[in-house]
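J.: fold the following, please.
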Amino acid sequence: MKVLTLCCKPLATCIFISTLLLSACSNTHGEVNAEVKKLMILHTNDHHGRFWHNDHGEYGMAARKTLLDRLRAQAKLNGQEVILLSGGDINTGIPESDMQQAEPDFKGMALLGYDAMAIGNHEFDNPVSVLAKQQAWAGFPFLSANIIDRTSNKHAYQPSTIITKGEIKVALVGLTTTDTEIISNPDYVGHLAFTKPSTAAKLAIEQIQQTQSVDITIAVTHMGHYVDAKHGINAPGDVTLARELPTGMLDVIIGGHSQEPICMLGENDSVIDYHPGNDCQPDKQNDTWIMQAHEWGKYVGKAEFEISNDEVKLTSYQLIPVNLTRKQTIANGEITRSFIGEEIEKSPEIYEFLLPYQQKGEAKILVPFATVKGLLNGDRAQVRNRQTNLGNLIATAQKKAVNADFGIISSGGIRGSIESGEVNYKQILSIHPFKNRITYVDMTGSEVEAYLKIVAAFPPDSGAYAQFSGVSFQVINGAVTNILIQEKPIEKNRTYRFSLNSYNAAGGDGYPKLLKHKGYVATSLIDAEILRTFLSKNSPLDASNYKPVD
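T.: This next block holds a predicted model:
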């Protein structure tokens, strides 16, 4: 604080002026009044290839750019600085993006003005050389403090950064779910270690504090929000992170991975069915705000903070829908859609930039090649909880491709359904976006029994839950009994062959690692191509023929 020398006459006037100055320099708590700094944090997460709007005109980066421009203009009028962050998982989900290694998405994010992002597990759906190329396209920091290169024992990626917005210094630390080791392709992450997030965050923040004075500390994470830290079989998420750090060390978590709008009714009590346009109160744990904006750019999260006297105060929070629609049924039973609120116009600049990418992708994948009669059900809520006809069909196609006795696929590798009617390659790539190779393994009946005991124990409502073809069994008190292969009882000394994708064979989703098993063989066949070929050869295909055995 500067020392002021007052020269005034008479004395009474000097005392009066001094009193005014002291009053201006102190608040009611006797602390020195600091200038109130205002920061608006804008955020999205789990983009998953949605650079283009969907068939209903929902979301898309062109409309998001218009919204962001409006919010930045509002912030300027209100004397606020703005930072734009992502909770990661830009990759994988839409064929037009996947086929172009998310080039339109990362270059689009650069044009939208993103400042930084967390590295998500789906950033490892391709070799790390692709991630390096994506970093160059984006031009902003990809952050993760808890990914360590096993060879050098050093950070594999940038752990943190400091971004200055006007007079506000923002410390950013990135964190990635430790589940990445089991839910990403082991071929791509085997050289990486994913360490405890709170330990890595604490170290990174302490290192910043040793050399920098910052106004606000933010973690951009891809770890998931689990109410009251009840994360089940998932790795611990943002609530655990907030609770394990010293109080006051971390002001805000901008998260992703669980793909939800974080809106709370009260302490450790979340809104189950959030509706666009409703009020939203983010979670707060150990004096740390936790925020997430659902998925796919459906919303832009807007958090407004005031910073003064080392206090970071949230003054407003909102999830702003990006051209989301509401279904309506009119008198004749026809279903129509209407925008929730005013339709946001698409930015001409971003639309024109992205259009060639969309056209290039569509040209390759929209030509029908087969016909299906009936729904092949790959809905996430169904395929991760029970056997479905699509799960049975995919496992059947893969086992036939390698002449196996039975087939297994984890339900996490099935990302959509096939509606009755014509089928094009876009639908196939939506179901199989990961480009997994198909492998097969020759095992004795005894080995198969031991293997099935592990695989059958994976619980429903998880990506590890398996779909089967050619094999049936019962699980009673943890024991696998009544195993039938090709409808015949298993013989312990006979050799059987089963198909499995390379992801699960390498230990993905926690499956037993089979790469060193003497009967393991990796083929060059890709899951999407196998499904495409199978549908084409069997077209028109009747979905009822693949009803799974109860």
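J.: show me the strands in the stretch 401-550 of the chain, by range?
T.: Here the stretch 401-550 of the chain has its strands, by DSSP state E, counting those that start in this stretch, at 406-410, 421-424, 437-444, 466-469, 471-476, 479-485, 488-489, 495-501, 520-526, 541-542.
J.: now do the fourth one: distance to the chain's middle.
T.: A distance of 26 Å separates the centroid of the chain from that of strand 466-469, by Cα atoms, centre = their mean, to the nearest Å.
J.: going forward, begin numbering at 16 instead of 1
T.: Done: numbering now begins at 16, and the last item shifts to strand 481-484.
J.: contacting residues around it?
T.: Strand 481-484 has contacts (Cβ atoms under 8 Å, 6 or more residues apart in numbering) with 398, 402-403, 406-411, 414, 421-426, 429, 470-471, 473, 563. Quick note: C-beta positions are derived from backbone N, CA and C, even for glycine.
J.: give me the low-pLDDT residue ranges for the chain?
T.: Within the chain, the segments meeting pLDDT under 70 span 16-49, 565.
J.: could you list the domains of it?
T.: 53-374, 383-561 (automatic domain parsing).
J.: save those domains as TSV, and put in mean neighbour count too.
T.: Shown next, in TSV, are the domains of the chain (neighbours: other Cβ atoms under 10 Å):
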stretch	mean neighbour count
domain 53-374	19
domain 383-561	19
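J.: could I have the CA atoms of stretch 103-113 written out in CSV?
T.: Taking Å, rounded to 0.1, in the frame of the first residue of the first chain, the C-alpha atoms of stretch 103-113 are listed here in CSV:
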residue,chain,number,x,y,z
GLY,A,103,-11.9,-32.6,-23.2
ASP,A,104,-13.0,-35.6,-25.3
ILE,A,105,-13.0,-33.7,-28.6
ASN,A,106,-12.5,-37.0,-30.5
THR,A,107,-14.7,-39.8,-31.6
GLY,A,108,-18.4,-40.0,-32.1
ILE,A,109,-19.4,-38.6,-35.6
PRO,A,110,-18.0,-40.3,-38.7
GLU,A,111,-17.5,-37.0,-40.6
SER,A,112,-15.2,-36.0,-37.9
ASP,A,113,-13.6,-39.4,-37.2
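J.: check contacts around residue 99.
T.: Going by Cβ under 8 Å, 6+ apart, residue 99 touches 57, 58, 83, 127, 128, 129, 130.
J.: how about residue 374, secondary structure?
T.: When classified by DSSP: H, G, I helix; E, B strand; the rest coil, residue 374 comes out as helix.
J.: look up how far residue 99 lies from it.
T.: Noted for residue 374: a distance of 27 Å to residue 99, by Cβ to Cβ, to the nearest Å.
J.: report whether residue 148 is found in a strand, as I expect.
T.: No: with three-state DSSP as the criterion, residue 148 is assigned helix and is not in a strand.
J.: quick check: it touching residue 115?
T.: No: counting by Cβ atoms under 8 Å, residue 148 does not reach residue 115; the two are 11.4 Å apart.
J.: so residue 240 makes contact with residue 278?
T.: No: using Cβ under 8 Å, residue 240 makes no contact with residue 278, being 10.5 Å away.
J.: quick one: which of the contacts of residue 99 sit in helices?
T.: 83, 127 (DSSP state H).
J.: nearest to residue 211, of the contacts of residue 99?
T.: Set against residue 211, the nearest of the contacts of residue 99 by Cβ to Cβ is residue 58 (24.2 Å).
J.: ok, the closest one - contacts?
T.: Neighbour list for residue 58: 99, 100, 101, 102, 269, 306, 308, 315, 316, 318 [criterion: Cβ under 8 Å, 6+ apart].
J.: do residue 259 as well
T.: Per Cβ under 8 Å, 6+ apart, neighbours of residue 259: residue 213.
J.: ok, residue 61 next?
T.: 102, 103, 104, 135, 271, 272, 274, 309, 310, 311.
J.: secondary structure and distance to residue 498 added to those residues, as a markdown table?
T.: Shown next, in a markdown table, are the contacts of residue 61 (DSSP: H, G, I helix; E, B strand; the rest coil; distance: Cβ to Cβ, whole Å):
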| residue | secondary structure | distance to residue 498 |
| --- | --- | --- |
| 102 | coil | 43 |
| 103 | coil | 41 |
| 104 | coil | 38 |
| 135 | coil | 38 |
| 271 | coil | 40 |
| 272 | coil | 36 |
| 274 | coil | 36 |
| 309 | coil | 42 |
| 310 | coil | 39 |
| 311 | coil | 41 |
